[in-house]
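Engineer: Sharing a model that was predicted from the sequence below.
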Amino acid sequence: MDEEYHFSAPGRVEIGGNHTDHQHGRVLAAAINLESKAIVRRNCEGKIRVISEGYEPVEIDVWDLGVREEEKSTTAALIRGVASAFTECGCKLGGLDAKVSSTVLSGSGLSSSAAFEVLIGRILNGLFFEDKLTPVQIAQIGQYAENVYFGKPCGLMDQIGCGVGGCVFVDFKKEQSPKIENITVDFSRLGLVPCVINTRSGHSDLTDDYAAIRNEMEQIASHFGKNKLRFVKSE
C-alpha cells in the first residue's frame, strides 16, 4: 500500500463553439500546459481522501456514493460523482489518498473542474479498473459528475478537451459517441503566440447564469419543435 503513483490532467482553452456542445453542436478546443497533478497511494480503509493545495481536505466512503444535495457545487460532489459512475461501469473501488496540486486557475475559464474530474477518473481507472475506460468515457463520467452531483448543466467540451488532449475538433451530433478529430496547428507559422493571462477574475459563482443560457437556447429549439438547436434547420 506504500507504492506511489503519479497522475495528471491538463486544463483546456476553447477556440470556438461556446455553448454549442450542449446543443449537439461543433467545437474547437485545445489542451494547455497548465495541469492538475496528483501523487496517490492506496489505502485499506475504503476511503477516497483528497488533499488539494489551498482547499480543505475531502473524504468520501466508496460504499456511500449517492447524490447529496448539501454537496452541490463542491469538490466532494465531483469525487463522489466520478466514483459512482465507475461503480456503475463494474469497477470495484478501493481506498486511496491523493495529494493534488494544480496550475489550472480555479474559475478562470480554463476548465479547472473538468481537469479535476478527468484527473480523478484517470486515478480510478488506473488503480482499480486496469485502464479499461477510454479518454472519451472518462470525459463522459466527468460530465455526469458535474451535471448530476455538482449541479452544473455543462456540455462535454471541457472534459473532452482535458481528457483527449492536443487540439481537437469535436462534433457532438451523437453525444454518446462524439466525432473527434485531432488537429495539428503550428501557431508560429501563422505568426501567432497563444497566451494564458491571469485576469484575476472568475466565474465560479456563475452556475445559475450558465444554466439560464442553456435553458434559453433549448426554449428556442422547442419553439421550432426540436430539443436542441443543432436540429433546427435554417431557412
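Structural biologist: Nice, I can see it. Residues are numbered from 1 along each chain as shown.
Engineer: Show me what residue 7 is bridged to.
Structural biologist: Counting by DSSP bridges, residue 7 forms beta bridges with residue 38.
Engineer: OK, contacts around it?
Structural biologist: 37-38, 40, 119, 122-123, 126 (C-beta atoms under 8 Å, 6 or more residues apart in numbering). Using the backbone N, CA and C atoms, a C-beta is placed for each residue, glycine as well.
Engineer: repeat that for 6 Å
Structural biologist: Applying C-beta atoms under 6 Å, 6 or more residues apart in numbering to residue 7 gives the contacts 38, 122-123.
Engineer: The helix-or-strand element of the chain with minimal mean pLDDT - contacts with which helices or strands?
Structural biologist: Using mean pLDDT, DSSP states H and E, the weakest-scoring helix or strand in the chain turns out to be helix 207-223, at a mean of 92. Helix 207-223 sits against no helix or strand, with contacts defined as 3 or more C-beta pairs under 6 Å, 6 or more residues apart in numbering; DSSP states H and E.
Engineer: hey, C-alpha coordinates of that helix in PDB?
Structural biologist: The C-alpha trace of helix 207-223 is given here as PDB (Å, rounded to 0.1, in the frame of the first residue of the first chain):
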ATOM      1  CA  THR A 207     -23.500  28.400 -12.500                       C
ATOM      2  CA  ASP A 208     -27.100  29.800 -12.400                       C
ATOM      3  CA  ASP A 209     -26.200  32.200 -15.300                       C
ATOM      4  CA  TYR A 210     -24.700  29.300 -17.300                       C
ATOM      5  CA  ALA A 211     -27.800  27.200 -16.700                       C
ATOM      6  CA  ALA A 212     -30.000  30.200 -17.800                       C
ATOM      7  CA  ILE A 213     -28.200  30.400 -21.200                       C
ATOM      8  CA  ARG A 214     -28.700  26.700 -21.800                       C
ATOM      9  CA  ASN A 215     -32.400  26.900 -20.900                       C
ATOM     10  CA  GLU A 216     -32.900  29.800 -23.200                       C
ATOM     11  CA  MET A 217     -31.300  28.000 -26.100                       C
ATOM     12  CA  GLU A 218     -33.400  25.000 -25.500                       C
ATOM     13  CA  GLN A 219     -36.600  27.100 -25.300                       C
ATOM     14  CA  ILE A 220     -35.800  28.500 -28.700                       C
ATOM     15  CA  ALA A 221     -35.200  25.000 -30.000                       C
ATOM     16  CA  SER A 222     -38.600  23.900 -28.500                       C
ATOM     17  CA  HIS A 223     -40.300  26.800 -30.400                       C
END
